[in-house]
Structure formats: C-alpha cells, structure tokens
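**Student:** I need the structure of the sequence given here:
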Amino acid sequence: MVHTSQPEADMQFEYPKSRRDESVVEDLHGVKVADPYRWLEDPEAKETKEFVEKQNEITNKYLHDYEHYDNVKSLVTKLHDYPRYGAPNIEGDHVYFMFNSGLQNQAVIYRQKSLMDDSKEVFFDPNTLSEDGTTALSQTSWSEDGRLMGYMLSAGGSDWRTTKILDASSKENLPDVLERVKFSCFGWTHDHKGFFYNMYPEVTTEQATGTSTSSDYNQKLYYHVLGTPQSEDVLCAEFPDNPNWKGSASVTDDGNYVLLSISRSCESKNGLWYCDLRKTDGKIEDILPWVKLFEDFDAEYDVITNEGTLFYIKTNLDAKNHRIIVVDVADAKKGNWKELIPENPKYFLEWACCAAGDKLVLHYIEDVKSAMYVHELSSGKRLHTFDLGCSAVMQVSCKKKLPQFFYKLQSFTNPGTVYLCDMSRPDFPSTVFREIKSAAFDPNEYETTQVFYPSADGVKVPMFITHRKGLKPSEETPCLLYAYGGFHIAVQPYFSARFVSFLKAFDGIFAVANIRGGSEYGEEWWINGSLKNKQNCFTDFQCAAEYLYKEEYTSAKKLAIMGGSNGGLLVGACSNQRPELFGAAIPMVGVMDMLRFHKFTIGHYWTSDYGNPDVKEDFDVVMKYSPLHNIKKPEDDVQYPATLVVTADHDDRVSPLHSLKYVAQLQHVVCADQKQKKPLMVRVETKAGHGAGKSTTKIIEEIVDCLVFCAKALQYEWKGPQT
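**Tutor:** Below you'll find the predicted structure:
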C-alpha cells in the first residue's frame, strides 16, 4: 500500500513578503547559483531583525491558538519536574556532583564529605549568574590536589566562554578571568601553578558574543599562570601555516607529559605531539619543545594513560572499529608497538579510561546499545563484563588513582541510574548510587523494541520504537521519527522529556532510526553516510518512514520527523526529496545552505562529512541535496510537510542564517502554489544557542511549541491530562 500525506487544514497562510535580491548570482564551477536572501546572513541588520520579528509573530499566533496549549505546557512542565543527578567526581576531600531539583534553569554543583554522607551543600550555583537562567556552566576542570576548580561559562547559548577559577575551601573566585576562549581544552599542570587552554587572540571581546558569523581560524594554545593577567599568558603552540588546526592539551596521569592532540576537521584523525615537562625545569615560558609522535593525520590517536614512557593509545589505525596499542615513546618506531586489545570485528570501541591504577574500562557500542568491560592494563586480559541491558552509558567519572568509578545509565524509558563500581574487589560489583525517578512518568507502562529494517540498497538499519504497553497502532497513531546520521555520533537509547511528552500527550509512538553517518557500527557506518555517500543518510531515513507504514505503526498523515543540526539538514533534505512521505517536519538548527556552510564560524570543520563546496567534485555532491537549493513545488496534489524550522539567535555553531534563508525560500517557492495549505513557519529563540546549556525554561517552551505544532498541523487527538 502506498501512503501519502493529505491536507489536513483548509486555511491559507499569509507570510511576510521578504525582499529578494535577484542580483546575487554566483558562478560556482560553471553553475549559476542565485542567493536572493543573502542579506539574511547579517544577524545585526535591521532588515534581518524585522524578518525574524514578523516570522515569530505569525508562528506564535498559530501556536497559541491551539485549544490545548495550556494542557501541553502543564504536561511538559510536569515531565521535566523531577530530581536529576549527574555522575559524581571525587576531588580532594569531597565528592562533587551535579543536581537539578526539577525546574531549575541550570543544574547546581553540590558536594558532600564522603560517599556515604547524606548531607550535601551547594558548592556552585549557575542560576545566580543571570536572572533568566541563560548563563550556563559549560565545563569544569580540577587541579590535581582538588583545591581549585576551573570553570567556563557560556552566555546566551554561545560557544564563546569566559573562564574563571574557584577556590574549593572558600568557594570564592580568584581574580583570574580569561576571555576569547572557544572550543578549548583545560589542562592543569600537577604543580597547581596553572593550566593550558585555547584562545583566539585575533578576535575582539566584542566579537566573542555569540551572534558573529565570522569564521573561527588561528586558535592557539596558551598556558595561564594563576595570579597573572591574561595578557601575560604564555603561547605554547600555534599553527600559522595551518590556520584551521586546533590543538587540545592534556596532562598525563603521572603529571610528567603534556599531550597535544591536533585536529583539522571533524574527521576521526589527529596529530599527536607531546612534551616532557620535566625537561622544562618546571617553567613554561615559551613555545614548548614538542615531540611529534604522530603527524601524518593518518588515523585517530587517543592516549588513555601512561606507565612511564609506555603510552596506551586507542586508535583506528588498521582497525576501523578501534583497538588499543602500547607505544614506548623512548623508541616509538612502529615495529616496536604492541597490540594490547585487538579490534572487535563487529562492534565499535567508543572510549576507554584507566581506573584503580592497573585496570582499563572499555566501552563498546553493540547494536547501538552500550557494552562495558574491565580489562587488565598490563596484559589486556578481560576481567569483567557489565550487565547493562537495553541502555546506554551517558556519563562516566573515572580516575586512575581512585579504586572506584561512577557511570550513569539511561534508556528511552529510564530517566537515569547512577552506579558506583568498586574496582578493588575481584568481582567488580556495581551498586546503585542514585536512582532518578519521575513522578509524572512510569517507565513500567512503556516498552521499547529494536527492529532492523532494510534500506534501499539492502543494508539493515537499526531503529528503536517506543510506545505504551498494549498500544494497538494503526494509521491514525501519532508518530515522531528522529535521526541524526553524521559526524561519527551514535544516537543511543537516552531519556528525553521531548519524546516522553509526545507519548503522554497523544498516546503516540516515537522512533529513533540509527541511519548511516554515525558511529553505531564504527568507521564503515560513518564512511557510508558521509561525503559522496551522504545520500544514504536520507534514503535510510525515508526507508524508516516506509517501514513504519508497512508495519502499520502509523501513516504519512500522522508522522512528524525531527532532527537537529546535521539532523536538521537531514529533515530538510528529506522534505525536499519525498514530501509525500511526511505529515510534518521539524528541522532544528539545521545546516541548510550546503554551498556556504564552510564560510561561517566553525563550518570549515564540517568538510570531513560534507566535502568542500569550493572543490567541484564536492560541489556536485552537495548541490544535489542542499536543502536551500532543492526546494521545488511538489507535483500533483502533494503538499510540502507542515514545517516548523527551529533556530536561535545566539547559535554560533550553525548560524541562524541557514534556517532563515531556508524558510524564506520555502515560503516563496511553495506558497506561490495555492494548494499548499499546511503551514511553513520558523521559530527563532532569543538568548539561546545550538542547544548546550539551554535553560530549562527555554527547553520547556521549545518542546511545547514543537508538540503543539504537530498536534495542530496533523490533527492529533489530545490524550493527556486536562488542566
């Protein structure tokens, strides 16, 4: 049976008439490409601000006209209102952990004197830093003795950071304040005198605000000595011949070496340099005498720990699913390397850490679910297998010098359980340290199944499907389909108030398709969904929808698709290619202009997945699927899916210009056809960014608006509680 989405509303929308500058036409590799909305690339322009204001006005009017708007808001708020714990870390003589009582805009750092101590005190509360909760704690790093906590703050969702130091005993800030920090490491030297970090020295403080679209080049590595001004920080590494390189510094467990991992894109390849700090006489005063251990960018090299000159390294060199090798840096010739843990031919080794002095904790992705093991550091022998079930390790707190480590598990129906593993005992027992429960959601009422559906080329693609136990789905069942498919990122089972709100509000289904482009099955899964193979991502996603229809979970008229960032690109491309397959589409902070993405902020780093549009071969690929450049009127009586484009004004990862240009072109092309009655709208959030650190208030507002849009556009029946 062929399912097509049919018009569900009989109203016509009037959108703002946006100026088209027909004079903006470029010749790209012999192809004339028009860009009539290029003026929307300037976020500070009056015309851009007016465009955003008018679009938001239409969207808000449509959403707030929904009869169950207050019910949705009440439900989403209740589903967010539960206590949430992070995995603890032990620093000095205290145990520190993140905690959100429920509706706090930002999680708070608490501490207690021991693992068994029930009393706790507030150590650092980011909610006191701004009235609206939009200043977020983005990163912390502790000195080796646990006396000082370095931390980075993000304002309004920006990737730019302000760095400060907190004294653990007094809970007071030191005078040190560092600016112009972005995509930065935070590596303390073990003498507690200072730390390594990254700065863009050519950027002014005024530019580092979150609304700038300027490209991020010439990042440099500095060392900051406590008690000195940032202007006196020591330049330790720079790459003037390679302005796109970024160098992340960390200090080895024994404090003797500083490691410099150099990346040039989002590819899983890096350079690795090191410096023996003992040879600097305890003084860092200039560019460090780096030893270039790996400099060819032929693979990924991730140092797990060291034993003297023996470096234990996770790598994908000759191992697409990764393996662990031992390299003696005293004689680092390849012929002297030893393989400690060989590649698993089927499953991907995602990360490894060292605990209890002589143990390795390994985390694999096995059919998208987490699998975790303990191995002996010296021999590589497997000592223990954890029983994790159908879940994912979302967080881990692990140190070589401690006899225990913490890990946090989640699933689509489990808000989270924090476990403590005692590494000093031979059976490595794990006990529940914190169990996270929501009074508004009973996981026992819902179930998740994993299916493997065929894509167009016969490849089996995994998909998780979650719904209420006993639900008898039909073509009238509301369904939300989500995917990402890029940058080596695996979408494992995780708890989301967005998804469970959909379940509770409409007694619906949510499905997560693990399409190619991620790391669900290692390098091959990524390779087959990137660059010239990017179309596989879109085809996999479209086949996921067709599987749901074939198995009678839902129908096109009741299916909404959603994805963020690279997933926003996915949703936009699929809406263009198969508009009849989907009832509604919500592309969030998406990469929509595939011809110019590399010209803004950190976009040049994404060429590892998309290619470089300045190269004809890559241009020919992206031009075929670029959401902005492939909008056309659907044939026959087919409409575009009801579309809510979601972006934010302080997104300096994927600039809002992508979404603004896309929705302007969408409205111009599609709405010229009188048959298009489904809404094509945009929601532009203020004082928010790409997603990380977003306040609880704004998260709730966004979820509510997305659910309401789906309910109105697809005529979902309200099944949630009445307020």
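**Student:** May I see the buried residues of the host helix or strand of residue 539?
**Tutor:** Using DSSP states H and E, the element containing residue 539 is helix 535-550. Going by neighbour count (16 or more other CB atoms under 10 Å), the buried part of helix 535-550 is 536-549. Every C-beta, even on glycine, is put in place using the N, C-alpha and C of the backbone.
**Student:** How about residues contacting it?
**Tutor:** The contact list for helix 535-550 (CB atoms under 8 Å, 6 or more residues apart in numbering) reads 1, 3, 451, 453-457, 459, 461, 463, 475, 479, 481, 483, 485-486, 511, 513, 515-517, 528-529, 554-556, 559, 561, 570, 573-574, 577-578, 581-582, 624-625.
**Student:** Take the residues you listed and keep only those in helices.
**Tutor:** Secondary structure of these is defined by DSSP state H; positions in helices are 570, 573, 574, 577.
**Student:** now the residues you listed in JSON lines, with distance to residue 157?
**Tutor:** As requested, the ones in helices among the contacts of helix 535-550 are exported to JSON lines (distance: CB to CB, whole Å):
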{"residue": "570", "distance to residue 157": "22"}
{"residue": "573", "distance to residue 157": "25"}
{"residue": "574", "distance to residue 157": "27"}
{"residue": "577", "distance to residue 157": "31"}
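**Student:** Would you convert those residues into JSON lines that also reports neighbour count?
**Tutor:** Compiled in JSON lines, these are given as follows (neighbours: other CB atoms under 10 Å):
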{"residue": "570", "neighbour count": "32"}
{"residue": "573", "neighbour count": "27"}
{"residue": "574", "neighbour count": "29"}
{"residue": "577", "neighbour count": "17"}
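**Student:** Which parts of the stretch 401-550 of the chain are strands?
**Tutor:** Secondary structure of the stretch 401-550 of the chain, counting by DSSP state E, counting those that start in this stretch: strands at 404-410, 417-422, 430-435, 446-454, 460-468, 479-482, 509-513.
**Student:** I'd like those strands as JSON lines, with mean neighbour count, mean pLDDT and distance to residue 358 appended.
**Tutor:** Output for these, formatted as JSON lines (neighbours: other CB atoms under 10 Å; pLDDT from 0 to 100; distance: least, CB to CB, whole Å):
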{"stretch": "strand 404-410", "mean neighbour count": "23", "mean pLDDT": "98", "distance to residue 358": "14"}
{"stretch": "strand 417-422", "mean neighbour count": "19", "mean pLDDT": "98", "distance to residue 358": "15"}
{"stretch": "strand 430-435", "mean neighbour count": "15", "mean pLDDT": "96", "distance to residue 358": "19"}
{"stretch": "strand 446-454", "mean neighbour count": "15", "mean pLDDT": "98", "distance to residue 358": "36"}
{"stretch": "strand 460-468", "mean neighbour count": "19", "mean pLDDT": "98", "distance to residue 358": "36"}
{"stretch": "strand 479-482", "mean neighbour count": "26", "mean pLDDT": "98", "distance to residue 358": "41"}
{"stretch": "strand 509-513", "mean neighbour count": "26", "mean pLDDT": "98", "distance to residue 358": "38"}
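**Student:** Tell me which of these sits nearest to residue 244.
**Tutor:** Nearest of the strands of the stretch 401-550 of the chain to residue 244, taken as CB to CB: strand 479-482 at 31.4 Å.
**Student:** now that closest one: how far from the chain's centre is it?
**Tutor:** Distance of strand 479-482 from its chain centroid, counting by CA atoms, centre = their mean, to the nearest Å, is 19 Å.
**Student:** Return the list of strands paired to that strand, each annotated with direction.
**Tutor:** Strand pairing for strand 479-482, determined by DSSP bridges: strand 509-513 (parallel), strand 559-564 (parallel).
**Student:** Mind checking the ones you listed for the one nearest to residue 421?
**Tutor:** strand 509-513 (27.8 Å).
**Student:** Pull the residues that contact that closest one.
**Tutor:** 412, 461-467, 471, 473, 477-483, 491, 499, 502-503, 540-541, 544, 548, 553-554.
**Student:** which stretches of the stretch 251-400 of the chain form strands?
**Tutor:** Using DSSP E, counting those that start in this stretch, the strands of the stretch 251-400 of the chain run over 257-263, 271-276, 291-294, 301-307, 310-315, 323-328, 338-341, 348-355, 359-366, 369-376, 382-385, 392-397.
**Student:** Low-confidence ranges, the stretch 1-150 of the chain, go.
**Tutor:** Applying pLDDT under 70 to the stretch 1-150 of the chain flags residues 1-11.
**Student:** hey, where'd the strands end up in it?
**Tutor:** Going by DSSP E, counting those that start in this stretch, the stretch 1-150 of the chain shows strands at 25-28, 31-34, 84-85, 89-91, 94-100, 108-112, 121-124, 135-142, 148-155.
**Student:** How far away from the center of its chain is the last one?
**Tutor:** Which is strand 148-155. With CA atoms, centre = their mean as the basis, the mean position of strand 148-155 lies at 20 Å from the chain mean.
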